[in-house]
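Trainee: Sequence first, then the predicted structure, then my questions.
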Amino acid sequence: MATSHFLAAAAATSSSSAAFRPPLRFLSLPPPSLTLSRRRPFPVVRAADADAKETTKPKVPEKAPAAGSSFNQLLGIKGAKQEDNIWKIRLQLTKPVTWPPLVWGVLCGAAASGNFHWTVEDVAKSIVCMLMSGPCLTGYTQTINDWYDRDIDAINEPYRPIPSGAISENEVITQIWVLLLAGLGLGALLDVWAGHDFPIIFYLALGGSLLSYIYSAPPLKLKQNGWIGNFALGASYIGLPW
């Protein structure tokens with residue numbers, strides 16, 4: 001009899017403790033819908049920020065100012081007129097305004113050598129040397145300089161031939177190679193013409209072309225350093241034609 005009373009009391013105690021046990025459902029995580037509702041505004045805000053950034057970007061005009069000069073365009077200097085003729089654009093890239101110092105260097109070097117005579121042969125050699133130094137190798141230098149500055153020019157001077165799209169990238173690269181090979185070829189011709197045992201003119205032209213390249217092209221890009229850049233410019237641009 002006592003045993004039955006003990007079992008009844010134990011059952012009552014277990015049932016009462018079970019009655020006071022907190023339901024497990026109250027410990028469950030919040031429904032997923034709440035998490036999704038918190039994440040919804042973020043893409044909208046980012047999209048709004050992107051739209052705001054787009055509206056603040058400066059827009060480049062499609063056409064250059066109408067006041068551009070045809071003369072400046074042919075010389076390859078600022079204030080040039082927008083041109084559609086591909087050969088005028090190619091000439092503009094070579095910047096003919098930069099040729100005279102090279103031509104003058106050839107004249108001064110010929111006069112200082114003491115071996116120049118006003119004969120047809122010597123005059124012809126001088127003209128070939130001027131073509132090598134001016135239109136060919138200086139044109140190569142100026143074209144490759146514009147090529148590696150195209151990203152900066154797209155911001156500062158978007159009307160230049162390369163950033164404006166007036167000339168294609170393949171056409172620019174072709175022009176660089178044609179001018180370089182023409183200049184080196186004229187240098188080799190002058191060595192043969194002068195009867196040099198060692199092709200000194202060819203190697204001077206090759207060395208100057210290499211200096212011109214690393215002056216404008218990364219990773220060295222010597223023009224970013226004032227002292228080294230000026231030395232390279234003087235050595236290749238001014239000294240070699242002499």
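Mentor: Looks like it arrived, so ask away. Since the model is a prediction, treat every value here as computed from it, not as a measurement. Numbering: from 1, shown residues only.
Trainee: what's the burial count for F198?
Mentor: 8 (other Cβ atoms under 10 Å). Heads up, the C-betas are built off the backbone N, CA and C, glycines and all.
Trainee: and what of W177?
Mentor: Neighbours of W177 (other Cβ under 10 Å): 11.
Trainee: who's in contact with it?
Mentor: Going by Cβ atoms under 8 Å, 6 or more residues apart in numbering, W177 touches no other residue.
Trainee: Check the one 10 residues further on too.
Mentor: Taking Cβ under 8 Å, 6+ apart as the definition of contact, the neighbours of G187 are 132, 199, 201-202, 204-206.
Trainee: Regarding it, which helix or strand does it belong to?
Mentor: helix 169-194 (DSSP states H and E).
Trainee: For that helix, buried residues please.
Mentor: If you call a residue buried by 16 or more other Cβ atoms under 10 Å, then helix 169-194 has these buried ones: 171-172, 175-176, 179-180, 182-184, 186-188, 190-191.
Trainee: before we move on, what about stretch 220-228?
Mentor: Neighbour-count burial for stretch 220-228 flags 222-223 (criterion: 16+ other Cβ under 10 Å).
Trainee: Mind listing residues that contact that stretch?
Mentor: 148, 211, 214-216, 229, 232-233.
Trainee: Return the helix or strand in this protein with minimum mean pLDDT.
Mentor: Least confident helix or strand, the chain: helix 41-56 with a mean of 39, by mean pLDDT, DSSP states H and E.
Trainee: Tell me how many other residues crowd I167.
Mentor: Counted with other Cβ under 10 Å, residues neighbouring I167 total 18.
Trainee: Can you show me the helices along the chain?
Mentor: Along the chain, the stretches classed as helices by DSSP state H are 2-20, 32-39, 41-56, 70-75, 86-94, 100-113, 120-131, 139-148, 150-156, 161-164, 169-194, 200-216, 226-233.
Trainee: any weak-confidence spans in this protein?
Mentor: 1-68, 71, 73-77, 79-80, 237-242 (pLDDT under 70).
Trainee: switch to 80 and redo it
Mentor: Low-confidence segments of the chain (pLDDT under 80): 1-83, 226, 232-242.
Trainee: count of residues packed around Q82?
Mentor: Q82 has 15 neighbours, counted by other Cβ under 10 Å.
Trainee: Assess the claim that it and P161 are in contact.
Mentor: No - in this structure, Q82 is not within contact of P161 by Cβ atoms under 8 Å, at 9.3 Å.
Trainee: quick one on the thing from earlier: from the contacts of stretch 220-228, pick the one nearest T138.
Mentor: Taking Cβ to Cβ as the measure, T138 lies nearest L233 of the contacts of stretch 220-228, at 11.7 Å.
Trainee: Mind listing residues that contact stretch 110-127?
Mentor: Contacts of stretch 110-127 (Cβ under 8 Å, 6+ apart): 106-107, 129, 190, 193-194, 242.
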